[in-house]
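Chemist: Mind folding the following:
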Amino acid sequence: MSLKMDVQHYISAGFPALYVTTHEEMRAESEIREAAKAIDRSLWIWSSTRGWVDKTNVADDKEGRKIKTSNPMHALECIEKETRSELPQDAVYVLRDFHPYLASADVVRKLRDLFVFCKGTGRTMIFESPVLRIPIELEKDVHAIEFALPTKDELGTILQMVVESVGEKRAKVGDRSKLLEATRGLTWNEAENTISLALVKHKALDDAAIQTVMREKANVIKKTGILEFFEPRVSLDSVGGLNELKAWTRKRKKAFSDQAREYGLPYSRGVLLVGVQGCGKSLTAKATAAEFQIPLLRFDVGRVFKSLVGESESSMRSALAIADAISPCVLWLDEMEKGLSGLQSSGQTDGGVSARVFGTFLTWMSERTTPVYVLATCNDIDKIPPELQRKGRFDEIFFVDLPHELERRDIFEIGLKEVNREPKKFNLELLAREADLFSGAEVKEAIISGMFDAFDKGEEVNSDYILDAIRNTTPLAKSQAGPIGKLRDRALDAKWRSATTIVDRAATARRIAVPKN
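Modeler: Predicted coordinates for the structure are as follows:
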């Protein structure tokens, strides 16, 4: 439902106060004006720099009658007064960026009194701010509304405006649909500026312009401090082993198609990868986005938590709103347990903030209807709440184990190709056998270490140099045999799905001895 209809319904129902979270004042106020007009209300907007301005029948760039006041308490008193010199009765009152004043006890008390007055006289106040910050005293009286980012149709309108501003002959549009997909997740102004920049740089809205739009969007998303836009440069073929996981993932690719909707399939919800460090979980996330040919957003849950009351919850909602707007996309939560580390003691340590943030995420996981594929990785599942592990949150939980010998051979082959070496010149079978209990990351590091040694001696790297590196390395599976052994036992007990074809799990389990207490 649009903001216009939301506001119209709430005003008609007699809500005294609404809180619209948005960075897009002009676009939001345009819809609020339409909502007020539909029910025969005037619209007045207050800011600390301009005071009250009548915007009932005035264009966005014009101003009507004014009441000069920069004082927030006086601004609120104007709503309560009924003289001709003050505000009219049947009106909607928008207060821009009022959240800093909500820290004042006097302002909060005045608002509580004013809400009773507004309820009895049919007035409606709307707070408008880029951050949601409602004091606990006002939570029961103020209804929060999030203003959605522009839809694909609205982005099409922006594109047409830019094209018309320079002339269709000078602004040739290539793949219109692909260009609009590239701008999803941007605000109206961001989309307009980014498309204009791409047009200035490339003189046409072609494939090169789309790449510029994608890079600019990456910078915009990075400014959130929570989400990071990745351009996947690896494929599933770059992931050694994990054949079961890769086959399962390739089947989910089709779930984003219109044919899947016609067939009755829902969007794939995503996957949780649990396993040993350095065994390809993060690499799989990047490769999955490339396989699906959709954007990859890395979500740092730890950065959600802010110092001010209400900001953490607002940050979580904002990040999820961006993911919904950009969808279809892969939302990657790397080492998710670290972001949820304070959840169990939330009530005693942070006033329940972590629990509320997690609740917001959990609700979104269950109720989202957008094609956001959540790919979470985890090294210690004991720190992941049980409600996040159940079916319905994710399509599947995979256990990513240490690579067996055949997989290590594949990883050596892939790693050598990445450093521009011909794998046929190396004894891959011997290297794979000697690298027993090595993770994928440790295999690739052995190649690099061998290259450093060879380079130091002015020689070309060969199997012997890499073998020396292997023999001088103690893999994590040996130095941390206890925790890794327990994790593998947990995977067997929980019957998590194996990411690889099981050929020697029992043998590997025997080699990783769990210390006796």
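
Chemist: Grab the nearest non-local neighbour of residue 192.
Modeler: residue 158 (5.2 Å; C-beta to C-beta, 6 or more residues apart in numbering). C-beta here means a position set from N, CA and C on the backbone, and glycine is covered the same way.

Chemist: which residues sit in contact with that neighbour?
Modeler: Contacts were defined as C-beta atoms under 8 Å, 6 or more residues apart in numbering; by that measure residue 158 touches 150, 183, 188, 191, 192, 195.

Chemist: same thing but 7 Å
Modeler: In this structure, residue 158 makes contact with 188, 191, 192, 195, judged by C-beta atoms under 7 Å, 6 or more residues apart in numbering.

Chemist: try residue 31
Modeler: The contact partners of residue 31, by C-beta under 7 Å, 6+ apart, come to 2, 3, 4.

Chemist: correct me, but the last one touches residue 33?
Modeler: No. The pair residue 4 and residue 33 does not pass the contact test of C-beta atoms under 7 Å, sitting 8.8 Å apart.

Chemist: if you count what's nearby, which of those two comes out ahead?
Modeler: A direct count of neighbours by other C-beta atoms under 10 Å for residue 4 and residue 33 places residue 33 higher, at 24 against 18.

Chemist: next SSE after the helix or strand that contains that one?
Modeler: Residue 33 is located in helix 25-38, with elements delineated by DSSP states H and E. Proceeding C-terminally, helix 25-38 gives way to strand 42-47 as the next helix or strand, assigned by DSSP H and E.

Chemist: Going by distance to residue 178, which of the contacts of residue 158 wins?
Modeler: Proximity of the contacts of residue 158 to residue 178 (C-beta to C-beta) peaks at residue 195, which lies at 12.9 Å.

Chemist: Can you classify the residue nearest to residue 192 as helix, strand or coil?
Modeler: Under DSSP: H, G, I helix; E, B strand; the rest coil, the three-state class of residue 158 is helix.

Chemist: gap between it and residue 27?
Modeler: When C-beta to C-beta, to the nearest Å is the yardstick, residue 158 and residue 27 sit 11 Å from each other.

Chemist: And for residue 465?
Modeler: From residue 465 over to residue 27 the distance is 61 Å, taken as C-beta to C-beta.

Chemist: Neighbour count for the two, which is higher?
Modeler: residue 465 (22 against 19).

Chemist: a helix runs through that one, doesn't it?
Modeler: Yes. With three-state DSSP as the criterion, residue 465 is assigned to a helix.

Chemist: May I ask you to confirm that it is in contact with residue 450?
Modeler: Yes. Checked against C-beta under 7 Å, the pair residue 465 and residue 450 is within contact range at 3.7 Å.

Chemist: hey, where'd the helices end up in the stretch 101-250 of the chain?
Modeler: Taking DSSP state H, counting those that start in this stretch as the criterion, the stretch 101-250 of the chain contains helices spanning 105-121, 152-166, 176-183, 188-202, 207-222, 243-253.

Chemist: neighbours of the nearest residue to residue 101 once chain neighbours are set aside, just the number please.
Modeler: Nearest-residue entry for residue 101: residue 72, 4.3 Å, with adjacent residues in sequence omitted and distances by C-beta to C-beta, 6+ apart. Using other C-beta under 10 Å as the criterion, residue 72 is surrounded by 20 other residues.

Chemist: Same question for the one 3 residues further on.
Modeler: By the other C-beta under 10 Å criterion, the neighbourhood of residue 75 contains 22 residues.

Chemist: in what helix or strand does residue 450 lie?
Modeler: Mapping residue 450 onto the secondary structure by DSSP H and E places it in helix 440-456.

Chemist: What lies in contact with that helix?
Modeler: Contacts of helix 440-456 with the rest of the structure, by C-beta under 7 Å, 6+ apart, involve 240, 278-280, 403, 408, 411-412, 415-416, 419, 435, 460-461, 465-466, 468-470, 473, 475.

Chemist: quick check: domain ranges of this structure?
Modeler: As given by automatic domain parsing, the domain ranges for the chain are 3-146, 152-223, 236-400, 405-473.

Chemist: In TSV: these, plus distance to residue 492 and mean pLDDT.
Modeler: Converted to TSV, these look like this (distance: least, C-beta to C-beta, whole Å; pLDDT from 0 to 100):
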stretch	distance to residue 492	mean pLDDT
domain 3-146	44	88
domain 152-223	40	84
domain 236-400	9	82
domain 405-473	18	94
